[in-house]
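Q: when you get a sec, could you give me coordinates for this:
(chains A, B, C and D)
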2 protein chains.
Amino acid sequence: MFSKVLISDDLGSINQGVGTVLEGLGITDVTQVQYCDDAYLKVKNAYQKAEPYHLLITDLSFKTDHRSQTYASGEALVKQLKQEYPELKIIVYSVEDRLQRVRTLIQTHKANAYVCKGRQGLNELKAAIQSVYHDNIYISPQIEQALRPSTDLEIRDYDIVLLKQLSKGLSQEEISKFLKHHEISPSSLSSVEKHLNKLRVQFKAKNAIHLVAIVKDLGLI
Amino acid sequence: MFSKVLISDDLGSINQGVGTVLEGLGITDVTQVQYCDDAYLKVKNAYQKAEPYHLLITDLSFKTDHRSQTYASGEALVKQLKQEYPELKIIVYSVEDRLQRVRTLIQTHKANAYVCKGRQGLNELKAAIQSVYHDNIYISPQIEQALRPSTDLEIRDYDIVLLKQLSKGLSQEEISKFLKHHEISPSSLSSVEKHLNKLRVQFKAKNAIHLVAIVKDLGLI
DNA sequence: AATTACCTTACGGTTTTCCTTAATCGGAAA
DNA sequence: TTTCCGATTAAGGAAAACCGTAAGGTAATT
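A: Numbering: from 1, shown residues only, chains lettered A, B, ... in the order given. Now for the predicted structure:
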């Protein structure tokens, strides 16, 4: 089993149960930090001292305060750490249950597990630690479907750009200009119209307003 | 100081620090529940046995699961309890920091304190318990402005209805019909236009799409 | 009762979005 | 190369949103 574990969570103290779970698994060397930057530094230092952490359990959302941070979110932290130290196991432990976020973290950033904080969170966390220890991916049951290709809506980065600008109040013509200015293709007004139209159909939205409301709820933007 | 306290939070265990804080204040009779309905029943039973709780500390968002609940959120719980037992002190302890939510809870539902979960959350919680014990209202500093009238944007229920329907994809004409059907006044297309226009100016939104994106971020809808 | 202020409603003109049809371009297959 | 197909671009009209103005109602004040 893992012996050296780092926990990153901005709330003031370890959830009592998390400590109990780790204890129950015989893990005693546990460090906790409240900032993503601290987590990054701890991992880096431990590696340099040849006493690396075996597992990182991190939250996603960190409140911002006076301390300016290089890594503002758990997502940025995971991305960076997995680039530098691919062998470090990472479990994301968050209340966030929006599918797109989970998909990005697992598929793009290569996190090893995604556990939803909730009533069953501790049980799932325990299962996740054991799974990850045996080189398996663990996803909370309630969001496991997020990874199945059947749910794949094939939303591209391009669509996200469109939706982002749309939600910022740009007219379709302004979006077209924005794309030309940033040399993103396709950029014609017609293409913007066409793509947004496709997205409307895909999300069963009545109009652009409805569309933005839906994708905001889904956490896509 | 309070002696009998109920904590309502759907995560599996009391945050270690919350226990420590209560202990530090000499509060030993602490009960914890994971469902809003359980919280309601506990309070009701305790009252009937003439051994009422003095203080309730509750979260706002509860994950839904197989158990169907009468009170789906902390907000509904607070509303109901304050109607039946106005003398019961209630502290809301949540990550939620959107101003409108805070305002509603304090001003409409008469919660006694609102503490943001965060790095300073435990210190603030301690201060809140002491404040509330002395019949004062406590609000976390970072959101105290929410209650100041200067920030008052005078958003009425009527505006919320408009924004809700707008975000559901109804055209302004459809919203007008919706209002007539529900006998909400004013209901003319012109009035809908005018009110939405006022909201756009108020929120510095470029258009209706932008407006919906903004109020969604603010948590108004 | 009259004045005032405010809100609701109505209407016209302009802009933007929505939707369809058609032309054009570029790559893959025949 | 030619053909075909999908994607991009273009253009037009209908619908809706946007914006100012004006008329009608209502309630509070004087």
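Q: only C-alpha atoms from now on, for both contacts and neighbour counts.
A: Noted.
Q: break chain A down into its domains, please.
A: For chain A, automatic domain parsing gives the domain ranges A:4-150, A:157-218.
Q: distance to residue B:76 added to those, as a markdown table?
A: Shown next, in a markdown table, are the domains of chain A (distance: least, C-alpha to C-alpha, whole Å):
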| stretch | distance to residue B:76 |
| --- | --- |
| domain A:4-150 | 19 |
| domain A:157-218 | 21 |
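Q: these: which one's closest to DNA strand D?
A: Of all the domains of chain A, it is domain A:157-218 that lies closest to DNA strand D, at 3.6 Å by C-alpha to the nearest atom of the strand.
Q: let me see the mean pLDDT of that closest one.
A: The average pLDDT for domain A:157-218 rounds to 86.
Q: any residue of the lowest-mean-pLDDT helix or strand in chain A up close to chain B?
A: Counting by mean pLDDT, DSSP states H and E, chain A has its least confident helix or strand at helix A:99-103, which shows a mean of 79. No: Helix A:99-103 lies apart from chain B when judged by C-alpha under 8 Å from any C-alpha of the partner chain; the minimum separation is 15.6 Å.
Q: again with stretch A:173-192
A: No: with C-alpha under 8 Å from any C-alpha as the criterion, chain B is not reached by stretch A:173-192; the gap is at least 11.9 Å.
Q: flag every buried residue along that stretch.
A: Neighbour-count burial for stretch A:173-192, counted by 16 or more other C-alpha atoms under 10 Å in any protein chain shown, picks out A:175, A:176, A:177, A:178, A:179, A:187, A:188, A:189, A:192.
Q: just the CA trace of it, in PDB.
A: Output of stretch A:173-192 as PDB, limited to C-alpha atoms (Å, rounded to 0.1, in the frame of the first residue of the first chain):
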ATOM      1  CA  GLU A 173     -20.800  39.000 -36.300                       C
ATOM      2  CA  GLU A 174     -18.500  40.000 -33.500                       C
ATOM      3  CA  ILE A 175     -17.600  36.400 -32.900                       C
ATOM      4  CA  SER A 176     -16.800  36.100 -36.600                       C
ATOM      5  CA  LYS A 177     -14.400  39.100 -36.300                       C
ATOM      6  CA  PHE A 178     -12.900  37.700 -33.100                       C
ATOM      7  CA  LEU A 179     -12.100  34.400 -34.900                       C
ATOM      8  CA  LYS A 180     -10.500  36.200 -37.900                       C
ATOM      9  CA  HIS A 181      -8.500  38.300 -35.500                       C
ATOM     10  CA  HIS A 182      -7.300  35.200 -33.700                       C
ATOM     11  CA  GLU A 183      -6.800  33.400 -36.900                       C
ATOM     12  CA  ILE A 184      -9.100  30.600 -36.000                       C
ATOM     13  CA  SER A 185     -10.800  28.900 -38.900                       C
ATOM     14  CA  PRO A 186     -13.600  28.700 -39.900                       C
ATOM     15  CA  SER A 187     -14.400  32.300 -39.200                       C
ATOM     16  CA  SER A 188     -17.200  33.500 -41.500                       C
ATOM     17  CA  LEU A 189     -20.400  34.700 -40.000                       C
ATOM     18  CA  SER A 190     -22.200  31.900 -41.800                       C
ATOM     19  CA  SER A 191     -19.900  29.300 -40.200                       C
ATOM     20  CA  VAL A 192     -20.500  30.800 -36.700                       C
END
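Q: contact partners of that stretch?
A: A:162, A:165, A:166, A:172 (C-alpha atoms under 8 Å, 6 or more residues apart in numbering or on different chains).
Q: how does it look with 7 Å?
A: A:165, A:172 (C-alpha atoms under 7 Å, 6 or more residues apart in numbering or on different chains).
Q: buried ones in stretch A:56-75, by neighbour count?
A: A:56-63, A:71-75.
Q: adding distance to residue B:95 and pLDDT, write those residues out as JSON lines.
A: As requested, the buried residues of stretch A:56-75 are exported to JSON lines (distance: C-alpha to C-alpha, whole Å; pLDDT from 0 to 100):
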{"residue": "A:56", "distance to residue B:95": "23", "pLDDT": "95"}
{"residue": "A:57", "distance to residue B:95": "20", "pLDDT": "94"}
{"residue": "A:58", "distance to residue B:95": "17", "pLDDT": "93"}
{"residue": "A:59", "distance to residue B:95": "13", "pLDDT": "91"}
{"residue": "A:60", "distance to residue B:95": "13", "pLDDT": "89"}
{"residue": "A:61", "distance to residue B:95": "10", "pLDDT": "83"}
{"residue": "A:62", "distance to residue B:95": "10", "pLDDT": "84"}
{"residue": "A:63", "distance to residue B:95": "9", "pLDDT": "81"}
{"residue": "A:71", "distance to residue B:95": "20", "pLDDT": "91"}
{"residue": "A:72", "distance to residue B:95": "17", "pLDDT": "87"}
{"residue": "A:73", "distance to residue B:95": "15", "pLDDT": "89"}
{"residue": "A:74", "distance to residue B:95": "16", "pLDDT": "91"}
{"residue": "A:75", "distance to residue B:95": "19", "pLDDT": "92"}
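Q: nearest to residue B:33, of those?
A: Comparing these against residue B:33 with C-alpha to C-alpha places residue A:59 closest, at 23.5 Å.
Q: OK, contacts around the closest one?
A: A:8, A:9, A:74, A:92, A:93, A:94.
Q: pLDDT value on the fifth one, please?
A: Listed pLDDT for residue A:93 reads 91.
Q: where along chain A do the strands fall?
A: Counting by DSSP state E, one finds strands in chain A at the ranges A:4-8, A:29-33, A:55-58, A:89-94, A:113-116, A:138-139.
Q: which of the ones you listed sits closest to residue B:221?
A: Relative to residue B:221, the nearest member of those by C-alpha to C-alpha is strand A:89-94, separated by 23.1 Å.
Q: how near is the residue of chain A found nearest DNA strand C to residue B:210?
A: Nearest residue of chain A to DNA strand C (C-alpha to the nearest atom of the strand) works out as residue A:171 at 2.9 Å. Separation of residue A:171 from residue B:210 (C-alpha to C-alpha, to the nearest Å): 10 Å.
Q: no further questions, thank you.
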